[in-house]
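Participant: Provided below are the primary sequence and the corresponding predicted coordinates.
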Amino acid sequence: MTDAAAGLVLNDFPSRTREKLRYGDTDRQGHINNAVFATLFESGRVSFLYDPARPLYPDGAQFVIAKLTITFAGELNWPGEVEIGTGVSRLGRSSFTLVQGLFKDGQAVASAESVMVLMDETTRRSTPLPTATQDALSQLMLVT
């Protein structure tokens with residue numbers, strides 16, 4: 001697990017989502033392919049960032065991913081479901097860091113750390129996080 005996710009359990013994450021593992025996600029060894037881990041983490045990020053009940057970004061801006069680090073901690077096999085936990089570990093001026101955990105049957109199998117930047121759609125440059133976004137993100141911080 002990433003340093004920020006070490007020792008965390010699913011209930012430590014303020015946002016959680018589920019995904020079904022598909023047979024087509026497997027590799028030659030019968031494991032879920034490493035590239036699919038990135039897709040599963042993306043599902044958790046998108047669910048977190050674009051929750052209609054909790055809008056995070058202003059009109060004319062969008063979130064882009066500047067950095068993604070995945071740490072593999074165990075095997076993941078088909079069939080089944082996984083749960084993806086997501087929370088904020090750091091808030092900056094125009095960016096924030098998300099920490100995620102990937103769990104199957106309650107066991108952590110991977111973690112990810114993503115640096116997200118708010119980008120102005122017109123200038124294509126980073127733009128400061130509005131106060132409302134900072135406030136919402138601060139409510140979604142991991143408590144470690």
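Facilitator: Received it, and whenever you're ready, just let me know what you need.
Participant: looking at this, L137 is in a helix?
Facilitator: Yes - L137 forms part of a helix when assessed by DSSP: H, G, I helix; E, B strand; the rest coil.
Participant: Grab the nearest non-local neighbour of it.
Facilitator: When the adjacent residues along the chain are set aside, L137 lies closest to V88, with 5.1 Å between them (C-beta to C-beta, 6 or more residues apart in numbering). Every residue, glycine included, has its C-beta placed from N, CA and C.
Participant: immediately after the helix or strand encompassing that neighbour, which helix or strand?
Facilitator: For V88, the host element (DSSP states H and E) is strand 81-91. Moving toward the C-terminus from strand 81-91, the first helix or strand encountered (DSSP H and E) is strand 95-104.
Participant: can you give me the angle that following strand makes with strand 81-91?
Facilitator: For strand 95-104 against strand 81-91, the angle between stretch directions is 160 degrees (axes from the mean of the first three to the mean of the last three C-alpha atoms, to 10 degrees).
Participant: Show the secondary-structure elements that whatever helix or strand comes next after strand 95-104 is packed against.
Facilitator: Elements were assigned by DSSP H and E; along the chain past strand 95-104, the next helix or strand is strand 107-120. Strand 107-120 sits against helix 34-49, strand 61-72, strand 95-104, with contacts defined as 3 or more C-beta pairs under 8 Å, 6 or more residues apart in numbering; DSSP states H and E.
Participant: Out of those, which gets nearest to A132?
Facilitator: Taking C-beta to C-beta as the criterion, A132 comes closest to strand 61-72 out of the helices and strands packed on strand 107-120, the separation being 12.0 Å.
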